[in-house]
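K.L.:
coords please:
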Amino acid sequence: MKKSRYNHFLGEFNNKHIYYNGLSKQTIEFNDEENNLYNEGKFNDIESLYPQTFDSLKKFGYLYPDNLDQRILIKQYLNSMEKNSHYLKVTFLLSRACNFDCIYCFQQNDISNEHLTRRTADKYIDYIKNQLKNTGFKEVSISYYGGEPTINMEVLKYLHSNLIKLFREKEIKFSFTMITNGYLLDKFIEQINPIEIKTYVITLDGSKDIHNA
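P.N.:
Residues are numbered from 1 along each chain as shown. Down below sits the predicted model:
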């Protein structure tokens with residue numbers, strides 16, 4: 001068995017080590033010994049000492065057979081999306097960077113200076129075009145996510161304007177969600193009509209006693 005490349009460490013909470021798998025979208029938690037065995041690649045020891053944890057690792061795609069090409073898992077995931085011929089949901093990770101350093105953020109260990117490029121955005125736009133052509137989706141939901149997506153404003157504006165144009169040309173029902181800390185929203189609304197975003201999810205931190213409760 002080997003680890004999936006889509007396993008992400010989210011941090012520690014209540015003395016547990018929390019991980020997330022990007023394909024299955026399932027979280028799993030380890031105690032200290034499980035975490036050490038997992039990071040050392042001692043999967044046989046996990047199976048013998050913690051069989052329930054081992055079963056969850058396999059079930060949720062954290063571990064998979066050595067002879068399995070993980071690209072097959074990606075194809076299976078995309079195929080499962082395509083089975084719903086009515087509704088397509090896509091999340092764009094505009095940037096892994098963030099202009100805040102919130103202590104409660106579960107993505108702190110995944111922060112970097114990587115940004116979605118215009119070249120990659122074009123590839124995703126082409127992918128959505130093909131999906132609309134070949135699958136016949138009637139409704140599309142787009143989420144802008146990060147890090148902080150508004151940091152990458154130039155590509156965000158480029159991507160958004162091209163998607164709006166595409167959906168209107170195809171007469172597809174669409175909606176957009178923006179997940180943001182809100183700090184750059186004043187600059188955002190100078191670039192993009194704010195009413196084109198159906199939902200804003202703005203993360204707010206309060207006092208320690210209130211927020212941590």
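
K.L.:
give me the pLDDT for residue 156.
P.N.:
pLDDT, residue 156: 97.

K.L.:
what do you get for residue 82?
P.N.:
pLDDT at residue 82 comes out at 57.

K.L.:
tell me the confidence at residue 211?
P.N.:
Looking at residue 211, its pLDDT stands at 64.

K.L.:
would you mind measuring from the residue lying farthest from the centre of the chain to residue 64?
P.N.:
Distance to the chain centre peaks in the chain at residue 48, reaching 32.5 Å (criterion: CA atoms, centre = their mean). Distance, residue 48 to residue 64, by CB to CB, to the nearest Å: 19 Å. C-beta coordinates here come from the backbone N, C-alpha and C atoms, glycine included.

K.L.:
one more: residue 47?
P.N.:
From residue 47 over to residue 64 the distance is 14 Å, taken as CB to CB.

K.L.:
repeat for residue 121
P.N.:
Distance of residue 121 to residue 64, given as CB to CB: 30 Å.

K.L.:
comparing these two, which residue is more hemmed in?
P.N.:
Between residue 121 and residue 64, residue 121 has the larger neighbour count (other CB atoms under 10 Å), namely 20 against 17.

K.L.:
for that one, which non-adjacent residue is spatially closest?
P.N.:
For residue 121, ignoring the flanking residues on the chain, the nearest one in space by CB to CB, 6 or more residues apart in numbering is residue 159 at 4.6 Å.

K.L.:
sec struct for the one you found, please.
P.N.:
Recorded secondary structure, residue 159: helix (DSSP: H, G, I helix; E, B strand; the rest coil).

K.L.:
give me the contact list for the helix or strand that contains residue 133.
P.N.:
Following DSSP states H and E, one finds residue 133 within helix 118-135. Outside helix 118-135, the residues that touch it by CB atoms under 8 Å, 6 or more residues apart in numbering are 82, 85, 88, 90, 92, 137, 140, 154-155, 158-159, 162-163, 166, 170, 172.

K.L.:
any buried residues in it, and which?
P.N.:
Neighbour-count burial for helix 118-135, with 16 or more other CB atoms under 10 Å as criterion, is recorded at 121, 125, 128, 131, 132.

K.L.:
what does stretch 23-33 give?
P.N.:
23, 24, 28, 29, 30.

K.L.:
quick one: end-to-end length of it, please.
P.N.:
25 Å (CA to CA, to the nearest Å).

K.L.:
what's the spacing between it and its chain's center?
P.N.:
In terms of CA atoms, centre = their mean, to the nearest Å, the centre of stretch 23-33 is found 16 Å from the chain centre.

K.L.:
with stretch 27-37 instead?
P.N.:
Remark: stretch 27-37 is offset 22 Å from the chain centroid, using CA atoms, centre = their mean.

K.L.:
appreciated, that's everything.
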